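> starting from these lines, generate the structure:
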Amino acid sequence: MELKRLEAVTVAQLDAFDEVIDVRSPAEFALDHVPAAVNCPVLDDAERAHVGTLYKQISPFDAKKIGAALVAKNIARHIEGRFRGRDHDWRPLVYCWRGGQRSAAMAHVLRQVGWDAATLEGGYRAYRREVMAQLDKTPQRFRFQVVCGATGSGKSRLLAALATQGAQVLDLELLARHRGSLLGELPGEPQPSQKMFDSLVWSAMKHLDPARPVFVEAESKKIGQLQVPARLLARMREGECLRLEVPQRERVRFLIEEYRHFLEEPAALKEKLQCLTSRYGRAVIGRWLAQTDSGAWSELVADLLVTHYDPSYLRAAAQNYMHYDEARRMSLERLDQTGMAHAATELLRAQP
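Got it, this is the predicted structure:
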């Protein structure tokens, strides 16, 4: 899209810029932001709180004086630091909470330098409204191929192999930073906020081609603490299903490999298992805890699959995915890189 020297643009024009600059405070940015944006706050969290307090409790005039000085200082710091190496043709888009004074101040200075800077009309609030509107209507444009299979079947690995071979993939668990089960937390990787997850899903979907199928893993309503957008989930549940069938011994081996952090911190594993006491009773939980204490990992994983994961997953998949019972079956003996690449090739070769 060829841009004139526009001072305010819409969300639809985000991709037309070389860089998107979020000038809100770090706390605002952490909660949610345009996925490609960089944070260059004109007021940090403490400064924003201080100016806001002055505005309400002392004097709007005094608050604006102090705020203007802080904004000027911070804009100068960003120009001297992050923007120093940008050439004359650089075109940034700047946004704040509602397209007001913070983004206007930054964009004004950038334009005075000579850069073709613009602001986002309506700011973050307009962006958030557009994300929710798109998540409500965009999923209907796509044809999803849903990868199903019991826990430990390598569904996420197959998605990665498909993406490597050029297929369109929407990996929701990757975006949610969670494997989607009771033990699915990724060590050292907190989940994004719900708003940030929505933004990541929207950003991923807007780059997909509706004329081609999109591979996705069968998910429940929640991935960890995050809700899958309702219209997307409904459309996924209408999709054609592929069911992976993997020998239990290979699933056990794969899960021990994938969840090795629990083997290194068994106390964390035991805490998670005890959350299931009301469902399975003290005797079953006691058995799992004893297996954990003795390091009987293969026995524990096989027990968890048979007792908990397999019945839960198969029941949910059959209830929620309308084409699950007629799913094409794919048998996988090994879930290593070679096996996944071969499965992806075979699956894509069979595409109409």
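> can you map out the strands along this protein?
For the chain, the strands defined by DSSP state E cover 8-9, 19-22, 38-39, 92-95, 118-120, 144-148, 168-170, 214-217, 222-223, 226-227, 240-245, 328-331.
> tabulate these (a markdown table), appending distance to residue 203.
The C-beta positions use only the backbone N, C-alpha and C, and glycine is treated the same way. A markdown table is the format used below for those (distance: least, C-beta to C-beta, whole Å):
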| stretch | distance to residue 203 |
| --- | --- |
| strand 8-9 | 17 |
| strand 19-22 | 11 |
| strand 38-39 | 15 |
| strand 92-95 | 15 |
| strand 118-120 | 15 |
| strand 144-148 | 18 |
| strand 168-170 | 11 |
| strand 214-217 | 14 |
| strand 222-223 | 17 |
| strand 226-227 | 15 |
| strand 240-245 | 25 |
| strand 328-331 | 30 |
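> and among those strands, the most buried is which?
Highest mean neighbour count among those (mean count of other C-beta atoms under 10 Å): strand 92-95, with a mean of 28.
> what about that one, average pLDDT?
The average pLDDT within strand 92-95 is 97.
> what helices or strands is it leaning on?
Contacts defined by 3 or more C-beta pairs under 8 Å, 6 or more residues apart in numbering; DSSP states H and E place strand 92-95 against strand 19-22, helix 101-113, strand 118-120, helix 123-137.
> now the longest one and helix 101-113, what's the angle there?
Going back to what we said before, that points to helix 123-137. 110 degrees (axes from the mean of the first three to the mean of the last three C-alpha atoms, to 10 degrees).
> contacting residues around the helix ranked longest in the chain?
Ranked by residue count and defined by DSSP state H, the top helix of the chain is helix 60-80. Where contact means C-beta atoms under 8 Å, 6 or more residues apart in numbering, the residues beyond helix 60-80 that reach it are 40-44, 47, 50-52, 54-55, 102, 105-106, 109-110, 113.
> got it, and stretch 307-321?
Applying C-beta under 8 Å, 6+ apart, the external contacts of stretch 307-321 come out as 146, 148, 150-152, 181, 218, 220, 236-237, 239, 241, 276, 280, 284, 324-325.
> domain boundaries for the chain, per the record?
Split into domains by automatic domain parsing, the chain comes to 8-132, 142-349.
> measure the longest one end to end?
Looking back up the chat, that one is domain 142-349. Domain 142-349 has its terminal residues 20 Å apart, counting by C-alpha to C-alpha, to the nearest Å.
> now do stretch 149-167: everything it contacts.
Contacts of stretch 149-167 (C-beta under 8 Å, 6+ apart): 147-148, 169, 171, 173-174, 179, 181, 213, 215-218, 243-246, 251-252, 254-255, 258, 301, 305, 309-310, 313-314, 332, 335, 337, 339-341, 343-345, 347-348.
> what residues sit buried inside that stretch?
149-163, 167 (16 or more other C-beta atoms under 10 Å).
> mind checking which of the contacts of stretch 149-167 are buried?
Judged by 16+ other C-beta under 10 Å, buried ones among the contacts of stretch 149-167: 147-148, 169, 171, 173-174, 179, 181, 213, 215-218, 243-244, 246, 251-252, 254-255, 258, 301, 305, 309-310, 313-314, 332, 335, 339-341, 343-344, 347.
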